[in-house]
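[1] any chance you can model this:
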Amino acid sequence: MTARRRFRDVIRIGPVQVATSFDGRGRDKHTAACTAPRCGFSADYDSRAAAELAARTHRCQI
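    Take a look at the predicted model:
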């Protein structure tokens, strides 16, 4: 079953979007996802700083 997430505090750093949401247990999760075509990068982090660092250092392989 897929989880429907409501994202808040969304920012864009280059082609990567960073957003905050609640996981299934009510804890904050921070997601970084690349919006470039055919990239496929996305990851969940426990801290906002880690997600923003991943967004700043991400380089698309295409």
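[2] run the chain-centre distance for stretch 47-62.
    Relative to its chain's centre, stretch 47-62 lies at 8 Å (Cα atoms, centre = their mean, to the nearest Å).
[3] contact partners of it?
    11, 13-18, 20, 30-32, 34, 36-39, 41, 43, 45 (Cβ atoms under 8 Å, 6 or more residues apart in numbering). Any C-beta I mention is one placed from the backbone N, CA and C, and that applies to glycine too.
[4] just the strands in the chain please.
    Along the chain, counting by DSSP state E, strands occupy 8-13, 16-22, 28-34, 42-45.
[5] would CSV of these with distance to residue 54, mean pLDDT and mean neighbour count be doable?
    Below are the strands of the chain laid out as CSV (distance: least, Cβ to Cβ, whole Å; pLDDT from 0 to 100; neighbours: other Cβ atoms under 10 Å):
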stretch, distance to residue 54, mean pLDDT, mean neighbour count
strand 8-13, 9, 93, 12
strand 16-22, 8, 94, 19
strand 28-34, 5, 94, 19
strand 42-45, 6, 94, 14
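[6] now distance to residue 53 too, for those, in CSV please.
    Shown next, in CSV, are these (distance: least, Cβ to Cβ, whole Å):
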stretch, distance to residue 53
strand 8-13, 10
strand 16-22, 10
strand 28-34, 9
strand 42-45, 9
